[in-house]
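Chemist: here is a sequence together with a model predicted from it:
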Amino acid sequence: PTGQIGNLATGPAACGVLRRKGPKAAGHWGRKATMTASSNQYKHDATPEEVEESIRSNPTVFGKILRKQIPAKVVFENERLLVFHDIRPGSTHHLLVIPKQFIKTPKQLLPHNLPLVREIHEVGRRELGKLCDETPDQWHIGYHWPPFNSVGHLHCHFIAPRRSMFTIARLAYKKGAPWFVTDRWVEEWLESRAGGAGGDGGDKGGVVE
């Protein structure tokens, strides 16, 4: 069958594309990833005014959710993040955590974004834990890597239980595939560019193995 789940088109044609094309950032397979600077870098100490301006100018469907122009089943919100249910769940429970500040994809994250990324993961795990009694080994967490994104606004998937993931979801959110990276992989990727956790986040001009 064809269609779409989460951030990945499905069906034979889509699978053919996935076999031919994949981001070089899939470090699981020993490929190299290059950090990309962006005007959409998250400023962790952004003022409320800056966050509001970012929300107003966000052209994506998530921008509309943040502006309350379309409904979403929100489970948590603070001044930096919004957590809500995915409308196309990959399993019994499927949450999305997004920053309110506009960042297009995980590829645009830089080392100084580590506080935000860690907060996304901490909040997502906490909220997923409130929804289900599953142990963390049944949690499936991560991001789609460009170009395999249907929404151009950074978001992390928190899915449980893994054993109940739908067949298409097992492909769409497959760990180790070039189109999906785990939460921990993203943190380690950023930490390596920073010279380790707590680094200054400067661009040292290298690549990440």
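Modeler: Arrived safely.

Chemist: contact partners for Pro48?
Modeler: Neighbouring residues of Pro48 by C-beta atoms under 8 Å, 6 or more residues apart in numbering: Glu79. In this view, the C-beta of every residue, glycine as well, is placed from N, C-alpha and C.

Chemist: ok, so what distance separates it from Ser57?
Modeler: 15 Å (C-beta to C-beta, to the nearest Å).

Chemist: can you check Val51 too?
Modeler: On the measure of C-beta to C-beta, Val51 and Ser57 end up 11 Å apart.

Chemist: the two: which is more packed in?
Modeler: Using other C-beta atoms under 10 Å, the more surrounded residue of Val51 and Ser57 is Val51, with 18 against 9.

Chemist: next, Leu95: secondary structure please.
Modeler: strand (DSSP: H, G, I helix; E, B strand; the rest coil).

Chemist: I'd guessed it sits against Lys130; true?
Modeler: No - Leu95 is not in contact with Lys130 according to C-beta atoms under 8 Å; the separation is 9.9 Å.

Chemist: any shared contact partners between the two?
Modeler: Joint contacts of Leu95 and Lys130 (C-beta under 8 Å, 6+ apart) are Val75.

Chemist: the two: who's more crowded?
Modeler: Leu95 (26 against 11).

Chemist: show me what contacts that one?
Modeler: The contact partners of Leu95, by C-beta under 8 Å, 6+ apart, come to 75, 83-86, 124, 127-128, 131, 157-159.

Chemist: would you mind measuring from it to Arg162?
Modeler: Here Leu95 is placed at a distance of 14 Å from Arg162 (C-beta to C-beta).

Chemist: low-confidence regions, this protein specifically.
Modeler: The chain contains residues with pLDDT under 70 at 1-46, 196-209.

Chemist: what packs against the top helix by length along it?
Modeler: Criterion DSSP state H: the longest helix present in the chain is helix 114-131. The contact analysis (3 or more C-beta pairs under 8 Å, 6 or more residues apart in numbering; DSSP states H and E) places helix 114-131 against strand 74-77, strand 81-85, strand 93-99, strand 140-144, strand 156-160, helix 183-193.

Chemist: and with 7 Å instead?
Modeler: strand 74-77, strand 81-85, strand 93-99, strand 156-160, helix 183-193 (3 or more C-beta pairs under 7 Å, 6 or more residues apart in numbering; DSSP states H and E).

Chemist: in the sheet, who's paired with the residue nearest to the spatial centre of the chain?
Modeler: Note on the chain: the residue nearest the mean C-alpha position is Cys156, at 3.0 Å, using C-alpha atoms, centre = their mean. Listed by DSSP bridges, the beta-bridge partners for Cys156 are Val97.

Chemist: spit out the contact partners of it.
Modeler: 97, 120-121, 124, 141-143, 183 (C-beta atoms under 7 Å, 6 or more residues apart in numbering).

Chemist: the closest residue to Asp137 other than its chain neighbours and Gln138, how far apart?
Modeler: Leaving out its chain neighbours, the residue that sits closest to Asp137 by C-beta to C-beta, 6 or more residues apart in numbering is Arg162, at 7.7 Å. From Arg162 over to Gln138 the distance is 5 Å, taken as C-beta to C-beta.
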